[in-house]
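In: Sequence and computational prediction follow.
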Amino acid sequence: MKFNEDELRKLCFDKFQDKLVEINFNPLKEPDFGNTQQAQYKSEPKNILDPDAGKINELKETDNIIITSFKSSVISTHVDLSKEYEIKFTININGKIELEFPNLSWIDLDSDEEIEVKFYEFARKIYDEIISEELYIETSKHVISRYQKPIGFFTGASDE
């Protein structure tokens, strides 16, 4: 399995654009960027990127630019937490997701084991709020080169 580039782009510019703090991208296929292979837009600490800024709009409007990763956040809570928290996350095109949790105040949890179980429940909830099934692409076991045709392409042939 691998991540769908188009869906990662949608997550970045549709679902999480209002809280973006960093975007990494590969403009290699876009002639206006010259021969740049990787680029980054990063906000000042504790700020977010302006979703209406010219450079951000340029990224949104240029499909040839591949978003390789971005950093944003979600606001969420758990029944055993005292309040809502902002959870920062970074997600990349290879499927790596990093969650950054602030210090959490748990309600009426006494043991480390209880806190650990509730923390992982909360982490799973955050993951589910970020990720969708559409983000994943099934990779085929055998790659067909651009010079080959699938066997079903030929009349009377079957791949069984």
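Out: Cool, the structure landed. Numbers count the residues shown, from 1 in each chain.

In: drop to CA atoms for contacts and neighbour counts, all remaining ones
Out: Will do.

In: Please name the nearest non-neighbouring residue to residue 90.
Out: residue 71 (4.3 Å; C-alpha to C-alpha, 6 or more residues apart in numbering).

In: a strand runs through that neighbour, doesn't it?
Out: Yes: note on residue 71: a strand contains this position according to DSSP: H, G, I helix; E, B strand; the rest coil.

In: List the beta-bridge partners for it.
Out: residue 22, residue 90 (DSSP bridges).

In: List the contacts of residue 93.
Out: 2-5, 8, 67-69 (C-alpha atoms under 8 Å, 6 or more residues apart in numbering).

In: Name the nearest residue to it, ignoring sequence neighbours.
Out: Excluding the flanking residues, the one nearest residue 93 by C-alpha to C-alpha, 6+ apart is residue 68, at 5.0 Å.

In: Would you state the strands of the chain in chain order?
Out: Ranges of strands in the chain, per DSSP state E, are 2-3, 22-26, 39-42, 66-76, 85-92, 97-100, 136-137.

In: thinking again about what came up before, any idea how far the residue nearest to residue 93 is from residue 132?
Out: For residue 68, the distance to residue 132 (C-alpha to C-alpha, to the nearest Å) stands at 17 Å.

In: Just want to know which of those two has more residues nearby.
Out: Between residue 68 and residue 132, counted using other C-alpha atoms under 10 Å, the more crowded position is residue 68 (20 against 12).
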